[in-house]
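> sharing a model that was predicted from the sequence below.
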Amino acid sequence: MNHLAHLFLAEPDPHSLIGNLAGDFVKGPLGDRFPHAIAAGIRKHRRIDAFTDAHPAVAAFRRVLTPEHGHYARVIADVFFDHFLAVRFDELGGEPLEAFLARTYAAIDPHEELLPGRLRFVYPRMRDDGWLLSYREIGGIAGALAGISRRLSRRPRLETAARHLADSRAELERRFDEFFPEVVAFAREQENGGQ
C-alpha cells in the first residue's frame with residue numbers, strides 16, 4: 001500500500017494520519033521517539049504492509065509485474081493499489097477523493113512540525129502539487145514511479161510499468177478487488193485492539 005491507502009486506512013485523527021503516512025519514512029525501532037498515537041499509527045502501517053506482503057492476491061498481482069521489473073514489483077504494486085483506490089474512491093471511500101483529501105490535509109496541517117525526517121519536506125509537496133489526486137491518471141502513476149526511481153541507487157525506470165495499468169488492467173483490478181476488502185477489515189481490526 002502507498003500513501004493514499006495508508007491515509008485511507010488510518011483512524012481519522014491527526015496523530016493516526018501522521019503515523020500511518022510516516023510508516024515508509026521511519027526505520028528501525030520506535031522507542032519513545034514519537035507521541036504514543038503517532039507511534040501507534042506507524043506500527044499499524046507496518047502491520048498493514050506485512051499483511052499486504054503475505055496476501056495471495058497481492059502475490060498474484062506482483063507476478064504480472066515481476067518478469068519485467070523483478071524485485072521492484074512490490075513497490076510498483078503499492079503505487080498501483082493507490083491508483084485503483086483513487087479511481088474508485090467514491091465507491092470505496094463513500095465520498096469524493098477531493099473531500100477526503102481536504103479533510104485529511106486539514107487534520108495534518110496544524111501538526112506539520114510532528115512529521116518525521118524527510119516526510120516534513122515531502123508532505124507539503126504531496127499536498128500542494130496534488131500528488132494523491134494525480135493517482136487517478138496513468139500519467140500521475142508514471143510520475144510517482146519516476147520519482148521513486150530517482151531516489152533509488154540503480155535508477156530503474158519504474159515509470160515504464162505504468163503501461164501495465166492499460167495492458168493488464170482487468171487482471172490487476174480483479175486482484176485488487178480480492179485484496180482490498182480484506183485489508184480494510186484487517187485495518188479496522190487493528191483499530192479495535194487487534195495485534
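Here it is on my side, so go on.
> in this protein, which helix is the longest?
Assignment by DSSP state H gives helix 169-191 as the longest helix of the chain.
> quick check: buried residues in that one?
Residues of helix 169-191 classed as buried: Leu172, Glu173, Arg175, Phe176, Phe179, Phe180, Val183, Phe186, Ala187, Gln190 (neighbour count, 16 or more other C-beta atoms under 10 Å). For glycine as for every other residue, the C-beta is placed from the backbone atoms N, C-alpha and C.
> check stretch 66-82 too.
Quick answer for stretch 66-82 (16+ other C-beta under 10 Å): 66, 69, 72-82.
> for the record, mean pLDDT for that stretch?
The average pLDDT within stretch 66-82 is 93.
> hmm, who's touching that stretch?
Contact with stretch 66-82 is made by 1-5, 52-53, 58, 61-63, 65, 132, 135, 141, 144-145, 148, 156, 158, 160-161, 164-165, 172, 176, 179-180, as judged by C-beta atoms under 8 Å, 6 or more residues apart in numbering.
> restricting to C-alpha, output stretch 168-181 in PDB.
Output of stretch 168-181 as PDB, limited to C-alpha atoms (Å, rounded to 0.1, in the frame of the first residue of the first chain):
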ATOM      1  CA  SER A 168      -3.200  -5.800 -17.800                       C
ATOM      2  CA  ARG A 169      -5.800  -3.700 -16.100                       C
ATOM      3  CA  ALA A 170      -8.600  -6.300 -15.900                       C
ATOM      4  CA  GLU A 171      -6.400  -8.900 -14.100                       C
ATOM      5  CA  LEU A 172      -4.700  -6.300 -11.800                       C
ATOM      6  CA  GLU A 173      -8.100  -4.800 -10.900                       C
ATOM      7  CA  ARG A 174      -9.500  -8.200 -10.200                       C
ATOM      8  CA  ARG A 175      -6.600  -8.900  -7.800                       C
ATOM      9  CA  PHE A 176      -7.100  -5.500  -6.100                       C
ATOM     10  CA  ASP A 177     -10.800  -6.400  -5.700                       C
ATOM     11  CA  GLU A 178      -9.900  -9.700  -4.000                       C
ATOM     12  CA  PHE A 179      -7.400  -8.000  -1.700                       C
ATOM     13  CA  PHE A 180      -8.800  -4.500  -0.800                       C
ATOM     14  CA  PRO A 181     -11.800  -5.500   1.300                       C
END
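> ok, Ala166 touching Glu137?
No: Ala166 is beyond contact range of Glu137, at 11.7 Å (criterion: C-beta atoms under 8 Å).
> tell me, what's touching the two both at once?
Shared contacts of Ala166 and Glu137, defined by C-beta under 8 Å, 6+ apart, are absent.
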